[in-house]
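*Asks:* From the sequence below, what's the structure:
(2 chains)
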Amino acid sequence: GAVVSQHPSWVICKSGTSVKIECRSLDFQATTMFWYRQFPKQSLMLMATSNEGSKATYEQGVEKDKFLINHASLTLSTLTVTSAHPEDSSFYICSARKAGNTEAFFGQGTRLTVV
Amino acid sequence: LAKTTQPISMDSYEGQEVNITCSHNNIATNDYITWYQQFPSQGPRFIIQGYKTKVTNEVASLFIPADRKSSTLSLPRVSLSDTAVYYCLALSGGYQKVTFGTGTKLQVIP
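*Replies:* Numbers count the residues shown, from 1 in each chain, chains lettered A, B, ... in the order given. Down below sits the predicted model:
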């Protein structure tokens, strides 16, 4: 149990376009979801935390108007990278937690390349 | 949030036992020590979690002393496929955000 699925696994987009990444908890209800980005040879950097039905809380330095997060249901959160630029190219990972649970479960990640 | 400190990297030969230590001096009462494994271009995978003393599962053991200020992940008889980055986190329930430290890059050598 506790499977988190991300889609797509990889995406290439043109500079200036927007890209949406989906994160689904397949077999549990995720009251909290997290979005991370990871550059090569670096650790995961938390971008934002979202609780179902409320606005996401963004980490310092993360532009909320550029990285739109929607957590519309207990099984789905989406990250939209708006007006993507080459510097947004990175590995994006989502994570989900059940209410009261101490574990966090991660998706397989999405490789975004902006050309 | 309890900050964790780990060695940046470790090397080990195949078949050896590997112990990765993690320091968490300001761990909170309701924090659980949790270890994740990450391969390149994949999301982190849960390995083991414990509160105190010793926890063992099919892939690893976790040792946590009584003061809980540190912990040790033990991987028995590592193979080349265990080459990965291992992250130690202090997690509690609720809506607390989950942040990562630098992790330990384990390189298993044939």
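*Asks:* from here on, contacts and neighbour counts on C-alpha atoms
*Replies:* OK.
*Asks:* Please list the outside residues in contact with stretch B:78-91.
*Replies:* A:102-103, B:1-4, B:6, B:12-18, B:22, B:24, B:27, B:31-40, B:98-110 (CA atoms under 8 Å, 6 or more residues apart in numbering or on different chains).
*Asks:* Could you export that stretch as CSV, CA atoms only?
*Replies:* Presented in CSV, the C-alpha positions along stretch B:78-91 are these (Å, rounded to 0.1, in the frame of the first residue of the first chain):
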residue,chain,number,x,y,z
VAL,B,78,25.6,-4.7,0.7
SER,B,79,25.5,-5.3,-3.1
LEU,B,80,26.3,-3.0,-6.0
SER,B,81,22.6,-2.3,-6.2
ASP,B,82,22.7,-0.6,-2.8
THR,B,83,24.7,2.2,-4.3
ALA,B,84,22.4,5.2,-3.7
VAL,B,85,21.9,8.3,-1.5
TYR,B,86,20.5,7.6,2.0
TYR,B,87,18.6,10.3,3.8
CYS,B,88,17.9,10.5,7.5
LEU,B,89,14.9,12.5,8.6
ALA,B,90,13.1,13.2,11.9
LEU,B,91,9.4,13.0,11.2
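*Asks:* tell me the SS of the residue nearest the centre of chain A?
*Replies:* The structure's chain A has its C-alpha centroid closest to A:Trp35; by CA atoms, centre = their mean the separation is 3.6 Å. Following DSSP: H, G, I helix; E, B strand; the rest coil, A:Trp35 is assigned to strand.
*Asks:* sorry, back to before: only the buried subset of the contacts of stretch B:78-91, as a PyMOL command please.
*Replies:* The buried residues among those can be selected in PyMOL (16 or more other CA atoms under 10 Å in any protein chain shown) with this line:
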select buried, (chain A and resi 102+103) or (chain B and resi 2+4+6+12+14+18+22+24+27+31+32+33+34+35+36+37+38+98+99+100+101+102+103+104+105+106+107+108)
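*Asks:* and A:Ser50, what is it in contact with?
*Replies:* Contacts of A:Ser50 (CA under 8 Å, 6+ apart): A:Thr32, A:Met33, A:Phe34, A:Ala56, A:Thr57, A:Ile69, A:Asn70, A:His71.
*Asks:* how about those residues in JSON lines, adding secondary structure?
*Replies:* JSON lines is the format used below for these (three-state DSSP):
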{"residue": "A:Thr32", "secondary structure": "strand"}
{"residue": "A:Met33", "secondary structure": "strand"}
{"residue": "A:Phe34", "secondary structure": "strand"}
{"residue": "A:Ala56", "secondary structure": "coil"}
{"residue": "A:Thr57", "secondary structure": "strand"}
{"residue": "A:Ile69", "secondary structure": "strand"}
{"residue": "A:Asn70", "secondary structure": "strand"}
{"residue": "A:His71", "secondary structure": "strand"}
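*Asks:* Let me see the ranges of the strands in chain A.
*Replies:* Taking DSSP state E, the strands of chain A run over residues A:4-7, A:10-13, A:19-25, A:32-38, A:45-51, A:57-58, A:67-73, A:76-81, A:90-97, A:105-106, A:110-114.
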